[in-house]
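K.L.:
Return a 3D structure for these sequence lines:
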Amino acid sequence: MSLNKVMFVGRYSVEVCGPWSDFALINIGESDASEGYANIQDGWHDVLRLSFHDILPSTPDPDGVYALMRDKDAKAIVDFVRYVAPNVEGIIVHCKAGISRSAAVAKWICGDYNLPFNVRYTKYNQYIYLMILMAAQDAPSKSYKNKLRTVMRDL
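P.N.:
All right, here's what the predicted structure looks like:
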């Protein structure tokens with residue numbers, strides 16, 4: 001078995017449709033969500049739980065309540081996917097709405113594993129996608145990191 005399917009969905013879909021033992025799950029939540037963390041049933045091949053908001057570095061946050069995706073979050077995604085990919089049929093990525101954060105992660109997975117991703121889908125969070133691209137580089141050069149950070153700053 002090896003990875004051949006990637007899906008991105010909203011929280012509700014994951015809570016009612018799983019678990020699938022031949023699929024891994026990436027759960028992206030928000031620590032301050034009024035509904036709490038997603039209710040993930042036991043039985044998935046493996047689960048990665050992360051918490052960050054659907055924001056860009058330029059998003060105003062005067063009260064300091066938003067959590068921006070960090071380097072360690074992006075690295076955790078890359079490491080998790082590379083660990084489970086040889087042993088699962090698919091990976092489901094979910095966030096609250098299943099539109100932006102999960103789509104960015106799914107887009108990277110599809111690109112890294114030569115799987116189809118709808119090229120017309122543009123609602124993914126570009127910052128998250130670029131953070132994962134940078135984390136996926138085995139040893140990104142300082143100039144490569146600086147170039148990506150400049151692009152991200154302009155988002």
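K.L.:
alpha carbons only for contacts and neighbour counts from here, please
P.N.:
Will do.
K.L.:
my guess is Gly90 contacts Ile26, does it?
P.N.:
No: the criterion here is C-alpha atoms under 8 Å, and Gly90 misses it with Ile26 at 11.1 Å.
K.L.:
Could you check how far the top helix by length along the chain is from the centre of its chain?
P.N.:
When the chain is parsed with DSSP state H, its longest helix is helix 71-84. How far helix 71-84 lies from its chain's middle: 9 Å, per C-alpha atoms, centre = their mean, to the nearest Å.
K.L.:
So which other helices or strands are in contact with the next helix or strand after that helix?
P.N.:
Following helix 71-84 in sequence order, the next helix or strand is strand 90-95 (DSSP states H and E). The contact analysis (3 or more C-alpha pairs under 8 Å, 6 or more residues apart in numbering; DSSP states H and E) places strand 90-95 against strand 5-10, helix 11-17, strand 23-29, helix 101-112.
K.L.:
looking at those, which one has the lowest mean pLDDT?
P.N.:
Ranked by mean pLDDT, the helices and strands packed on strand 90-95 bottom out at helix 11-17, which scores a mean of 88.
K.L.:
hang on, the earlier thing: in TSV, list the helices and strands packed on strand 90-95 along with mean neighbour count and distance to Tyr66.
P.N.:
Shown next, in TSV, are the helices and strands packed on strand 90-95 (neighbours: other C-alpha atoms under 10 Å; distance: least, C-alpha to C-alpha, whole Å):
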stretch	mean neighbour count	distance to Tyr66
strand 5-10	20	20
helix 11-17	15	19
strand 23-29	24	12
helix 101-112	23	14
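K.L.:
Tabulate the ones you listed (JSON lines), appending distance to His53.
P.N.:
Formatted as JSON lines, the helices and strands packed on strand 90-95 follow (distance: least, C-alpha to C-alpha, whole Å):
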{"stretch": "strand 5-10", "distance to His53": "14"}
{"stretch": "helix 11-17", "distance to His53": "14"}
{"stretch": "strand 23-29", "distance to His53": "8"}
{"stretch": "helix 101-112", "distance to His53": "8"}
